[in-house]
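Asker: One predicted model, sequence on top.
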Amino acid sequence: MEYAIIVLTEYKLRPNAGATWTERFYIVDQLDEILRSEVNRRAFITRMGAAGLGAAAVSLLAGCGGSSATTAVSGFGDPVNFPGIQGRSQDDLVLNFALTLEILEADLYRQALNKASGRPAGAALDATAPTSPSDRGSYTRTIPTGAFANQQLADVAFLYLVQYAYVEAAHRDFLNVAIQSSGGTPVTRNPGGYNFPLGDDLFSITGLIYAVEETGVRAYLGAAPFMSNAAITNGLLATAVAIHSTEARHSAAVAYTLGLEAGPVFALAGVTPGRRVTDGVAAAVGAPYRQQTFQYFSDPAVVLNAVQPFFG
Amino acid sequence: MKETNSLLETAAPAQREESRGASDIVRGAALAAAGIGIAALGSARRAQAQGTKPLLTFNDIPGTGNIKVLNYALALETLEADLYVQAIARLQALGVPANDAALTYVQSFAQIEADHRDFLRGALGASAITAPGQPLATASFDFGLAAVTDPNAILNLLYLVENTGTQAYLGAIKYFTDYTYIAVAGGIQATEARHTATVAALLLSRGVTTDPNGNPVSTAPLSNNNNGIDIINLEPTAVLAVVTGPNGFTIIN
């Protein structure tokens, strides 16, 4: 607890920190948690750094001990932060966590596209992927559009549905290959498949896609700080953040068709609880546009729990 | 080098300076008077003395390690925030209705970019490239928008700059020395990605399918483009080679 007191003192001394008591108690809670593992410690430092606490936190925590996060251990796991995920290292855990979500997301898009175009739920994607921003391959919408503001937005939503279906499949395949080529063991598709509450019109289907994409963005940003120091320089971290930003693009484009802000929006039905990157607090601040200044993140364990209902 | 130069091409600054036409970006964007330019970053006075806009590299960005990366981000956010202010004024002057989605989205993004700039400024304090006595302390930029008469050309410049910004963050990640600022940098980067996608959607809805460099306007990379993933190899120096130097935006200090 003395660590917490020192951090609180540092925090208080900074004129612009502006911490509320809720935030300070959050820090105390986090300190209890970070004393338990190297990985949590890093995630904490990452978040505190943005609040101007980086130096203080780093110097405090440098002596906390613990094993290196990069140690490769056969059957390595982190049941607290990545329950059910296995790998040889922290980086493996993050990649397999990402692959778990990409498999699910790709299957959501495949099923959604099949439903929207009147094909059997189990049909695979057509072999020919869209090759230009106006290309929707061989797909044609057959279900009602629903509550879109106009026909053009409905057409665009269907176009994005087709294009992103192939993109998510490409993300899945990319991660699968990346993990294998580094000697790791990728997670596999859920044997029972995936069940999604797909609506009967394009608007409601698009709404579900939006929620899942938003969760995906938050998930990547929550998991990235768990990666190793080597991942900073070897491109692995940048790759994870790059997939994260393509999910953000999808989310904003889908939001556009729904007539919504580009986001990120803090509180969204069906989306995992968000936390601020600046301080880790689970709250939004300020005017509506200010709530869109930084992407929110979700903790990996929270995400894994939230997507469980989709597993068949 | 081909005439429609891509912002994302990487080339040694020296080669660029020799081989680029004076107005590739400008002509592509239909922005008669614009060059892209943070210019003057480390050498405003030298620039004035020589009457030229210096071509900067990542080495010219103040600080080392994390501070250098954050200052690079701050330089780009400062440019972006100023671009949005000017873009809104020009869109309004061109008669774009207040309730047009193009204007409402752009106004929202303008506030967000200003917040990014102010946040980084605050975090960097006296080390900030915009702090008193530092090169961008009083900088504003001339994007040449006064000469633009087509609102779509303004949106297209925003698209190009946001798209570049999204990838600029990714290209700078490897220069961070630890995880201290990774989450917040990612938290900003994702919003740049969102802005890019939204402006792309706006452009497509207005019938604009090609960006100022002649590339297709797309909300996100398609599956046939780097596996549908934003590229991570856009080096800071490559970005600076486009936004600074002889072909860069004019800086007004």
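Answerer: Thanks, I have the structure now.
Asker: Please count neighbours and contacts with C-alpha atoms only from this point.
Answerer: Will do.
Asker: and the residue of the stretch 201-312 of chain A found nearest chain B, what does it touch?
Answerer: Closest contact between the stretch 201-312 of chain A and chain B, by Cα to the nearest Cα, is at A:Q295 (4.3 Å). By Cα atoms under 8 Å, 6 or more residues apart in numbering or on different chains, the residues touching A:Q295 are A:R218, A:P264, A:R276, A:V277, B:G186, B:G187, B:I188, B:A190, B:T191.
Asker: check which helix or strand covers B:A110.
Answerer: Using DSSP states H and E, B:A110 sits within helix B:101-124.
Asker: Tell me which other helices or strands the helix or strand following that helix touches.
Answerer: Downstream of helix B:101-124, the first helix or strand assigned by DSSP H and E is strand B:140-142. The helices and strands touching strand B:140-142, judged by 3 or more Cα pairs under 8 Å, 6 or more residues apart in numbering or on different chains; DSSP states H and E, are helix B:65-93, strand B:250-252.
Asker: let's go with 7 Å and repeat that
Answerer: Counting contacts by 3 or more Cα pairs under 7 Å, 6 or more residues apart in numbering or on different chains; DSSP states H and E, strand B:140-142 packs against strand B:250-252.
Asker: which non-adjacent residue is nearest A:M227?
Answerer: Excluding the flanking residues, the one nearest A:M227 by Cα to Cα, 6 or more residues apart in numbering or on different chains is A:D91, at 5.0 Å.
Asker: Looking at the contacts of A:Q295, state which has the most neighbours.
Answerer: Highest neighbour count within the contacts of A:Q295, by other Cα atoms under 10 Å in any protein chain shown: B:A190, with 32 neighbours.
Asker: part of a helix, is that residue?
Answerer: Yes: B:A190: assigned to a helix according to DSSP: H, G, I helix; E, B strand; the rest coil.
Asker: ok, for A:F196, nearest residue in space, not its chain neighbours?
Answerer: The shortest distance from A:F196 to any non-neighbouring residue, by Cα to Cα, 6+ apart, is to A:F310 (5.9 Å).
Asker: Quick check, the residue nearest to A:M227 in contact with A:S228.
Answerer: Yes: using Cα atoms under 7 Å, A:D91 is in contact with A:S228, at 6.2 Å.
Asker: Just give me the neighbour total for the nearest residue to A:A242 once chain neighbours are set aside.
Answerer: In space, and not counting its chain neighbours, A:A242 is closest to B:D230: 5.1 Å by Cα to Cα, 6+ apart. By other Cα under 10 Å, the residues close to B:D230 number 26.
Asker: picking up where we left off before, the residue nearest to A:M227 - that's part of a helix, no?
Answerer: Yes: assessed with three-state DSSP, A:D91 lies in a helix.
Asker: For the residue of the stretch 201-312 of chain A closest to chain B, give its distance to A:G222.
Answerer: Using Cα to Cα, to the nearest Å, A:Q295 is found at 10 Å from A:G222.
Asker: Likewise for A:A255?
Answerer: Look at A:A255 and A:G222: by Cα to Cα, they are 22 Å apart.
Asker: B:N226 now?
Answerer: 24 Å.
Asker: These two: which is more packed in?
Answerer: Neighbours per residue (other Cα under 10 Å) separate B:N226 from A:G222, with A:G222 holding more: 25 against 14.
Asker: any idea which helix or strand carries that one?
Answerer: Element membership of A:G222, judged by DSSP H and E, is helix A:202-223.
Asker: what's next to that helix, contact-wise?
Answerer: The contact list for helix A:202-223 (Cα atoms under 7 Å, 6 or more residues apart in numbering or on different chains) reads A:94, A:112, A:116, A:143-148, A:198-199, A:240, A:244, A:247-248, A:251, A:254-255, A:270-272, A:296-300, A:303, B:183, B:186.
Asker: quick one: average confidence on it?
Answerer: Helix A:202-223 carries an average pLDDT of 98.
Asker: just for chain B, where's the confidence low?
Answerer: By pLDDT under 70, the low-scoring segments of chain B are B:1-55, B:245-247, B:250-253.
Asker: for chain A, what are the nearby residues on it?
Answerer: Residues of chain B lying close to chain A by Cα under 7 Å from any Cα of the partner chain are B:108, B:112, B:115-116, B:123, B:170, B:173-174, B:178-184, B:186-191, B:193-195, B:197-198, B:201, B:218-220, B:222-224, B:227-232.
Asker: So which of the residues you listed are in helices?
Answerer: B:108, B:112, B:115-116, B:123, B:170, B:182-184, B:186-191, B:193-195, B:197-198, B:201 (DSSP state H).
Asker: Buried subset of the residues you listed as a ChimeraX selection?
Answerer: Selection of the buried residues among these in ChimeraX, burial being defined by 16 or more other Cα atoms under 10 Å in any protein chain shown:
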select /B:108,112,115,116,123,170,182,183,184,186,187,188,189,190,191,193,194,195,197,198,201
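Asker: and the strand or helix carrying A:D173, is it in reach of chain B?
Answerer: Using DSSP H and E, A:D173 sits in helix A:151-181. Yes: against chain B, helix A:151-181 shows contacts by Cα under 7 Å from any Cα at A:Q163, A:Y166, A:V167, A:A170, A:H171, A:F174.
Asker: So what's the residue count around the last one?
Answerer: A total of 18 residues lie near A:F174 under the criterion other Cα under 10 Å.
Asker: and the stretch 51-200 of chain A, which of its residues are near chain B?
Answerer: Checking the stretch 51-200 of chain A against chain B by Cα under 7 Å from any Cα, the hits are A:G52, A:G54, A:T131, A:P133, A:Q163, A:Y166, A:V167, A:A170, A:H171, A:F174.
Asker: swap the cut-off to 8 Å and go again
Answerer: Residues of the stretch 51-200 of chain A lying near chain B by Cα under 8 Å from any Cα of the partner chain: A:51-52, A:54, A:129-133, A:152, A:163-164, A:166-168, A:170-171, A:174.
Asker: host element of the closest residue to B:T104 other than its chain neighbours?
Answerer: The spatially closest residue to B:T104, leaving aside those adjacent along the chain, is B:A98, at 7.1 Å (Cα to Cα, 6+ apart). Using DSSP H and E, B:A98 is not contained in any helix or strand.
Asker: Check the contact between B:A98 and B:Q107; I expect there is one.
Answerer: No: judged on Cα atoms under 8 Å, B:A98 makes no contact with B:Q107 at a distance of 10.0 Å.
Asker: what sits up against the very next helix or strand once past the helix holding A:G222?
Answerer: For helix A:202-223, the succeeding helix or strand toward the C-terminus, using DSSP H and E, is helix A:229-234. Helix A:229-234 is contacted by residues A:T70, A:D91, A:L237, A:A238, B:I173, B:K174, B:Y175, B:F176, B:T177, B:D178, B:Y179 when judged by Cα under 8 Å, 6+ apart.
Asker: before we move on, back to that, cross-reference the contacts of helix A:202-223 with the helices and report the matches.
Answerer: A:94, A:112, A:116, A:240, A:244, A:247-248, A:251, A:254-255, A:300, A:303, B:183, B:186.
Asker: wait, doesn't A:V277 sit right on B:V184?
Answerer: Yes: with contact defined as Cα under 8 Å, A:V277 and B:V184 form a contacting pair (5.2 Å).
Asker: No more questions from me, cheers.
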